[in-house]
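Asker: Below: sequence and its predicted model.
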Amino acid sequence: MNSVDCGIKKQINMPYMWDSQIWEDFTAIVDFLLWADLKKDEMMRNGEDVLDLTIAVEEEMEEAQEIIKRRMELSNISGIKLNTYTFFSMCSLSEMESFALILSAVSALDHKLNALLSAAEKGRNVQTPTVEMALRLYSLINPNSIKDVASLIDIKGDFGLCFNKEVMGKSKILSHETLVIKSSLLSYFLGKDFNIKYKGLNVKKPLPSMLIYDKPLEEAINVANSQKYIEKAVSLYIYGRKKSGKKLLVSHLSEKIKRPVVFVKWNDIEQMPYEKREYLLNDLTLKTRLENGFICLYDIPDFSDEKNQSNKSLFLSVIDICPFTVVIGEGKYYYPVWLTESFVSIELWDLSATEKIYLWSHYSNMYGAGNEINAALNGNKYIMSVGEIESTFETAFYLAASKNKPSIKTSDISDAVKQRGRGKLGSYATLIKGCFVWDDLIADEYVKRQMRYICNQIKYRNVVGEEWGFFEKTPYGRGVSVLFYGPPGTGKTMAVQIMAAELGLELYRVDLSKMVSKYIGETEKNITELFDRAKNMNVILFFDEADSLFAKRSEVKDSNDRNANAETAHLLQKMEEYEGMVILATNLMEQIDDAFKRRIKFMIPFRFPDASARRNLWHSLIPDKTPLEDGIDLDFFADQFELSGSQIKEILWNAAYIAVSDDKPLGNEEIKEAVTLNYIKYGKQLTKEDFGYLA
């Protein structure tokens with residue numbers, strides 16, 4: 001029996017270069033043991049003494065084990081990374097457990113062994129070894145191993161293989177009666193990554209470098225590196241509003257500390273069936289340990305909310321997977337600090353205008369828009385995060401492509417912003433599609449100049465607030481609030497639409513009937529929801545007939561007065577916190593509360609037009625396509641009747657319908673009739689003398 005040879009390559013002083021070389025030797029050993037088992041069985045049936053065979057096999061296996069161990073250690077000394085060596089070094093399995101794992105892996109790798117496996121199983125056609133076979137073959141290596149049998153048999157008797165409980169928890173890499181290895185682990189043994197079946201495993205990295213958040217990234221790196229020197233696990237909580245770049249920061253953190261990250265979405269874990277969830281958590285545990293990686297749990301709920309308290313144990317089971325874990329949420333208090341002893345939180349703040357300008361410039365170059373996009377203007381007027389700016393460019397790219405444009409234009413960016421922001425205000429406000437430009441507004445030059453000043457507060461927010469340092473003295477109240485006041489029909493609503501068009505922002509008229517509620521506290525709740533929704537939408541909020549909601553606070557005589565005053569105070573507070581633009585219009589300036597006026601940055605009066613302005617209105621409000629009767633005297637009507645712009649517009653509309661119904665061009669007679677109708681509408685009668693020479 002001295003000629004017994006297991007067939008491994010006995011190059012004792014040569015390191016393994018690849019994992020496949022190790023498994024060639026493992027396969028040779030399993031093949032040899034199957035042969036030895038069959039030989040022993042045959043000898044016992046023939047009544048032959050098997051002692052010499054047993055001794056020879058034991059000596060051959062002892063030598064083979066030493067050779068494999070020596071070659072793997074040489075590989076490690078030589079800096080050759082072998083997944084197989086990493087696994088067995090990390091898991092510290094018993095010899096019995098290691099053998100069972102190797103047997104199951106070899107059986108899956110080399111199907112040529114199927115015939116031997118079937119023969120060893122007394123002719124039964126099997127492709128995977130059983131627990132009983134593993135015990136029988138291992139006894140050839142170590143005849144005194146009966147005491148190790150218990151480590152392979154589950155207490156419930158289902159013959160599952162549980163090993164390395166400290167590292168793996170309840171993980172069963174080999175399943176019940178037959179030893180079936182996980183495909184992810186088998187792939188890892190062949191030198192590949194430990195891949196697990198989870199859709200949220202990886203998150204793209206849209207930027208080549210971090211570009212922003214240098215300080216938070218540095219802090220995160222310091223926390224991760226410091227964890228190496230303490231025994232306790234630590235969690236890093238990164239919070240900020242949606243699309244603020246939290247996952248992007250974690251991706252760059254992974255690169256900086258040279259540790260792979262696995263992204264796990266909370267909802268995916270929470271909604272999984274129990275068995276599937278346990279399987280995934282076990283896989284995540286093994287993957288992070290094998291690759292020295294870490295978990296990033298993102299989109300966690302607000303754990304301060306009582307309805308989420310039941311998931312405390314699930315949260316702990318995820319963050320306990322590895323010593324260093326990153327958790328991502330939106331709110332500062334979402335993280336359940338009472339569950340863990342060691343954690344550090346880092347906030348990703350809202351981007352400054354300077355940072356946004358930098359990102360707009362970066363994406364303009366990335367999408368080939370170059371100087372077409374005004375990065376400074378967009379960075380100032382749009383309240384956006386990193387992800388929202390990127391998404392805007394993606395949408396703009398497809399909008400340009402749909403129109404067969406070679407590159408993105410300013411109009412595509414504006415349309416993309418509008419498309420991505422629609423519908424978020426729900427029933428609280430209605431979108432107004434404006435069509436007016438500066439030339440359409442017939443008003444005092446003072447009014448137009450003030451309107452341009454207001455627009456500049458948005459356009460140059462970065463220069464004054466950040467470069468000149470005014471934001472340092474203004475922690476809140478950085479938004480722009482405007483009040484237009486004056487008689488009905490003097491152009492207030494038109495002016496709002498012109499400003500929205502000038503800034504490229506959508507205009508939403510707030511529906512006050514949906515805001516005010518008779519139930520105590522509901523009005524404040526609606527106000528809060530409106531401003532919360534509008535916060536990141538890049539829109540102008542327009543409160544028409546604002547006196548109904550911003551009226552003077554009354555003397556408190558009963559609970560109704562107290563509630564009304566509280567609603568007004570709450571609205572003022574929300575307006576002051578809001579960083580966008582709010583425009584209000586009222587016909588009754590005297591009804592507006594003085595405390596409210598103090599919080600308004602601009603108050604612009606709109607007056608009835610004088611004769612000169614009325615002439616401009618009469619001429620400008622008639623479209624060029626309208627057929628006019630010879631001798632039509634628009635200047636007469638402008639001089640004779642003191643009308644507002646909206647009244648003139650209404651009169652011309654009515655006159656046009658009168659003319660077209662009589663199959664005539666628009667003339668003096670039709671306008672006279674329309675003027676008469678307008679005065680009657682307001683309870684006034686006109687005489688022939690009022691129409692002068694046209695009577």
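Answerer: Perfect, I can see it now.

Asker: pLDDT wise, what is Leu161 at?
Answerer: On the pLDDT scale, Leu161 is placed at 37.

Asker: now swap in the one 3 residues further on and tell me
Answerer: For Asn164, the pLDDT comes out at 31.

Asker: Tell me the secondary structure at the nearest residue to Asp412 once chain neighbours are set aside.
Answerer: Of all residues not flanking Asp412 in the chain, Ala396 sits nearest, at 4.2 Å (CB to CB, 6 or more residues apart in numbering). C-betas here are computed from N, CA, C, even on glycine. Secondary structure, DSSP: H, G, I helix; E, B strand; the rest coil: Ala396 is helix.

Asker: my guess is Ala396 contacts Lys418, does it?
Answerer: No - judged on CB atoms under 8 Å, Ala396 makes no contact with Lys418 at a distance of 10.9 Å.

Asker: quick one: which of the two has more around it?
Answerer: Per other CB atoms under 10 Å, whichever of Ala396 and Lys418 has more neighbours is Ala396, with 26 against 17.

Asker: if I pick that one, what's in contact with it?
Answerer: Tyr367, Ile408, Asp412, Ile413, Asp415, Ala416 (CB atoms under 8 Å, 6 or more residues apart in numbering).

Asker: what about the last one, how many residues close to it?
Answerer: Here the neighbour count serves as a burial measure; for Ala416 (other CB under 10 Å) it reads 21.

Asker: and Met17, what helix or strand is that in?
Answerer: Under DSSP states H and E, no helix or strand contains Met17.

Asker: where along the stretch 1-150 of the chain do the helices fall?
Answerer: 19-45, 51-77, 83-91, 95-109, 114-120, 131-141 (DSSP state H, counting those that start in this stretch).

Asker: Just checking, which helix or strand succeeds the helix or strand bottoming out on mean pLDDT in the chain along the chain?
Answerer: In the chain, the helix or strand scored least confidently by mean pLDDT, DSSP states H and E is helix 165-168, which has a mean of 32. Sequence-wise, the next helix or strand downstream of helix 165-168 (DSSP H and E) is helix 183-189.

Asker: got the CA coordinates for that next one in CSV?
Answerer: C-alpha atoms of helix 183-189 as CSV (Å, rounded to 0.1, in the frame of the first residue of the first chain):
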residue,chain,number,x,y,z
SER,A,183,-23.7,29.3,-6.1
SER,A,184,-22.4,32.7,-4.8
LEU,A,185,-19.8,31.0,-2.6
LEU,A,186,-18.8,28.5,-5.3
SER,A,187,-18.2,31.5,-7.7
TYR,A,188,-16.1,33.2,-5.0
PHE,A,189,-14.0,30.0,-4.6
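
Asker: which residues does Leu103 contact?
Answerer: Contacts for Leu103 (CB under 8 Å, 6+ apart) come out as Val30, Pro129, Met133, Ala134, Leu137, Leu179.

Asker: Could you single out the most deeply buried of the helices of the stretch 1-150 of the chain?
Answerer: helix 95-109 (a mean of 22; mean count of other CB atoms under 10 Å).

Asker: burial measure for Glu683, as a count.
Answerer: Wrong residue type there; residue 683 is Gly, not Glu. 6.

Asker: Regarding Phe191, what is its secondary structure?
Answerer: One thing to correct before we go on: residue 191 is Gly, not Phe. Following three-state DSSP, we place Gly191 in the coil state.

Asker: what does the one 4 residues further on give?
Answerer: Recorded secondary structure, Asn195: coil (three-state DSSP).

Asker: In space, what's closest to it - neighbours in sequence excluded?
Answerer: Spatial nearest neighbour of Asn195, excluding adjacent residues (CB to CB, 6+ apart): Ser184 at 5.5 Å.

Asker: now the helices for the stretch 551-695 of the chain?
Answerer: 559-577, 594-598, 611-620, 634-640, 645-661, 668-681.

Asker: what's the average pLDDT for the last one?
Answerer: When pLDDT is averaged along helix 668-681, the result is 89.

Asker: returning to what we had before: quickly, which of the helices of the stretch 551-695 of the chain bottoms out on average pLDDT?
Answerer: With a mean of 69, helix 559-577 has the lowest mean pLDDT of the helices of the stretch 551-695 of the chain.

Asker: can you pull the contacts of the residue nearest to Asn195?
Answerer: The neighbours of Ser184, taking CB under 8 Å, 6+ apart as the test, are Phe194, Asn195, Ile196, Lys197, Asp283, Lys287.

Asker: Can you select the buried ones among the residues you listed for me in ChimeraX?
Answerer: For the buried members of the contacts of Ser184, the matching ChimeraX selection, counting by 16 or more other CB atoms under 10 Å, is:
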select :194,196,283,287
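
Asker: Let me have the contacts of Ser184 in JSON lines, extended by distance to Thr474 and pLDDT.
Answerer: Below are the contacts of Ser184 laid out as JSON lines (distance: CB to CB, whole Å; pLDDT from 0 to 100):
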{"residue": "Phe194", "distance to Thr474": "52", "pLDDT": "83"}
{"residue": "Asn195", "distance to Thr474": "51", "pLDDT": "80"}
{"residue": "Ile196", "distance to Thr474": "50", "pLDDT": "80"}
{"residue": "Lys197", "distance to Thr474": "52", "pLDDT": "76"}
{"residue": "Asp283", "distance to Thr474": "51", "pLDDT": "84"}
{"residue": "Lys287", "distance to Thr474": "48", "pLDDT": "87"}
